[in-house]
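K.L.:
Here is the input, now give the coordinates:
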Amino acid sequence: MPVKSSDRQGREGKADGVLFVLVMLLLVCGLVFLYSTSAYNGRVKFHDPAYYFKKQLFATSLGLMGMYVVSCMDYHILIKFAPFFYLSSMLLSLAVLLFGDEYNGSKRWLSIGPLSFQPSEFAKVAVILLLAYVISRRKEKRESIWHMAGTMALLLPIVGLVGTNNLSTAVIILGIGVILIFVSNPRYLPFVGIGAGGIVFIGIFLGMASYRLERLAIWRNPEAYEKGFQTIQGLYAIGSGGIFGRGLGSSLQKLGFVPEAQNDMIFSIICEETGLVGACLLIFLFGLLIWRLMVIATHAPDLCGALIAAGIMGHMAMQVILNIAVVTNTIPNTGITLPFVSYGGTSVLFLLGEMGIALSVSRGFHEKGGGE
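P.N.:
Now for the predicted structure:
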């Protein structure tokens, strides 16, 4: 006898075990690579080779607890608060512009006592939830060009606030918007116009600040600029790793040649120490993670769950691709981390929160009137 939707409300299955295992593998690999990469900087700056590792381990532990709690929740509850999360992310991003702390020339952090965090990481999650909330409630108008334009227009305030000091995150937010509209819409032609509009928008945005134009010039010819030093040293690290690498912990470029190697440029040190084989295995793990998120989106119990999983998948894919493209100088330097691997407590906390939401979707929660 079939189960009515009202009888299924609140029922759940098991969380996706494959996704959980992949996340744990990436976390372990990330902590190992982080310790290897950051030991020299930790010893020089803080007289503790495990300084960065211990801080990342603490953030990872908090993130795992958060992931478990969120994975046990019904994601429909989070969706109901999506407008509040989005408004909060805009207020926090505005606070960064007014009161934020500046590190290495970028104002991206807010400090509360001894703690500091990046609101832009929260903004990514808030955007995914907001778009799932909006799109899943416009059942009859999804194919309209005005619906697409209106949905993208919702993102412009947060894109403008975040993009002032963090262009890469602004690009990711726009990309998430395009992916979720694409997933919910059976038509393809309108996306040609959206793509063209996005290219024009990014071009105008790049031209609004001289430092962005400078980054383009450095990308084209890093040898001609002093600020191209990091890019050149990163490429040296990748090239010197060869097929099998120098061995874990044996990098030379991390000894001050690649500045702050444990951050955005950590992939270059991974290539140097583990070679092409290690780099490809790490990329393969990310590929499996993205594939599993796609599977969860495909088998989600309703459109809302599918959009959430697809948004998380798009976020992960874009961030991995952008980081590796920057490290290999395929695109201009944008200052974006490698998920689960680069140093950053805020990043790993919110990434694990996203994985918790994806696990919640994989449980197959149902809500009365929520499915399609």
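
K.L.:
and the helix or strand harbouring I269, what does it pack onto?
P.N.:
Per DSSP states H and E: I269 is located in helix 266-298. When contacts are defined as 3 or more Cβ pairs under 8 Å, 6 or more residues apart in numbering; DSSP states H and E, helix 266-298 sits against helix 17-46, helix 229-241, helix 303-327, helix 345-362. C-betas here are computed from N, CA, C, even on glycine.

K.L.:
And for the shortest one, what's in contact with it?
P.N.:
Helix 229-241 has contacts (Cβ atoms under 8 Å, 6 or more residues apart in numbering) with 218-219, 222-223, 246, 251-254, 257-259, 265, 268-269, 271-276, 279, 327-329, 333.

K.L.:
got the CA positions of stretch 99-119 in PDB?
P.N.:
The C-alpha trace of stretch 99-119 is given here as PDB (Å, rounded to 0.1, in the frame of the first residue of the first chain):
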ATOM      1  CA  PHE A  99      34.800  47.600  10.100                       C
ATOM      2  CA  GLY A 100      36.700  44.700   8.500                       C
ATOM      3  CA  ASP A 101      40.300  43.700   9.100                       C
ATOM      4  CA  GLU A 102      42.800  43.800   6.300                       C
ATOM      5  CA  TYR A 103      45.400  41.100   5.700                       C
ATOM      6  CA  ASN A 104      47.800  40.900   2.800                       C
ATOM      7  CA  GLY A 105      46.100  43.800   1.100                       C
ATOM      8  CA  SER A 106      42.600  42.300   1.300                       C
ATOM      9  CA  LYS A 107      39.800  43.400   3.600                       C
ATOM     10  CA  ARG A 108      37.800  40.100   4.000                       C
ATOM     11  CA  TRP A 109      37.700  39.400   7.800                       C
ATOM     12  CA  LEU A 110      35.500  40.400  10.700                       C
ATOM     13  CA  SER A 111      36.900  40.100  14.200                       C
ATOM     14  CA  ILE A 112      34.800  39.300  17.300                       C
ATOM     15  CA  GLY A 113      37.200  39.400  20.300                       C
ATOM     16  CA  PRO A 114      40.000  36.800  19.600                       C
ATOM     17  CA  LEU A 115      38.000  35.200  16.800                       C
ATOM     18  CA  SER A 116      37.900  36.200  13.100                       C
ATOM     19  CA  PHE A 117      35.900  34.900  10.200                       C
ATOM     20  CA  GLN A 118      35.200  35.600   6.600                       C
ATOM     21  CA  PRO A 119      31.500  36.500   5.900                       C
END
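
K.L.:
Produce a PyMOL select command limited to the buried residues of the contacts of helix 229-241.
P.N.:
Only the buried entries of the contacts of helix 229-241 go into this PyMOL selection, using 16 or more other Cβ atoms under 10 Å:
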select buried, resi 218+219+222+246+251+253+254+257+258+265+268+269+271+272+273+274+275+279+327+329+333
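
K.L.:
any idea where the helices of the stretch 51-200 of the chain begin and end?
P.N.:
For the stretch 51-200 of the chain, the helices defined by DSSP state H, counting those that start in this stretch occupy 51-71, 75-80, 82-99, 119-135, 145-153, 156-163, 167-184, 190-207.

K.L.:
Put the alpha carbons of the second one into CSV.
P.N.:
Once side chains and other backbone atoms are set aside, the C-alpha atoms of helix 75-80 remain, and they are given as CSV (Å, rounded to 0.1, in the frame of the first residue of the first chain):
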residue,chain,number,x,y,z
TYR,A,75,16.7,20.6,5.2
HIS,A,76,13.2,22.1,4.7
ILE,A,77,13.7,23.8,8.1
LEU,A,78,16.8,25.5,6.8
ILE,A,79,15.0,26.6,3.6
LYS,A,80,12.3,28.4,5.6
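
K.L.:
Can you point out the buried residues in it?
P.N.:
75-76, 78-79.

K.L.:
Could you list the low-confidence segments of the stretch 101-250 of the chain?
P.N.:
Scanning the stretch 101-250 of the chain with the threshold set as pLDDT under 70 gives 104-106, 113-114, 139-144, 186-195, 197-198, 201-213.

K.L.:
and the longest strand belonging to the chain with helix 345-362, angle?
P.N.:
Taking DSSP state E as the criterion, the chain has its longest strand at strand 106-112. If you take axes from the mean of the first three to the mean of the last three Cα atoms, to 10 degrees, strand 106-112 sits at 80 degrees to helix 345-362.

K.L.:
Name the residues that touch strand 106-112?
P.N.:
Contact partners of strand 106-112, identified using Cβ under 8 Å, 6+ apart, comprise 92, 95-97, 99-103, 116-120, 165-166, 335.

K.L.:
can you check stretch 321-338 too?
P.N.:
If you take Cβ under 8 Å, 6+ apart as the criterion, stretch 321-338 is touched by 106, 166-169, 171-172, 215-216, 218-219, 222, 230-231, 234-235, 238, 263-268, 283, 319-320, 339, 342-344, 347.

K.L.:
Make a PyMOL selection of the buried ones in those.
P.N.:
For the buried members of the contacts of stretch 321-338, the matching PyMOL selection, counting by 16+ other Cβ under 10 Å, is:
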select buried, resi 166+167+168+169+171+172+215+218+219+222+230+231+234+235+238+263+264+265+266+267+268+319+320+339+342+343+344+347
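
K.L.:
How many residues are close by T164?
P.N.:
Residues lying near T164 (other Cβ atoms under 10 Å) number 16.

K.L.:
what sits against the closest residue to it other than its chain neighbours?
P.N.:
When the adjacent residues along the chain are set aside, T164 lies closest to L97, with 6.2 Å between them (Cβ to Cβ, 6 or more residues apart in numbering). Shown in contact with L97 (Cβ under 8 Å, 6+ apart): 107, 161, 164-165.
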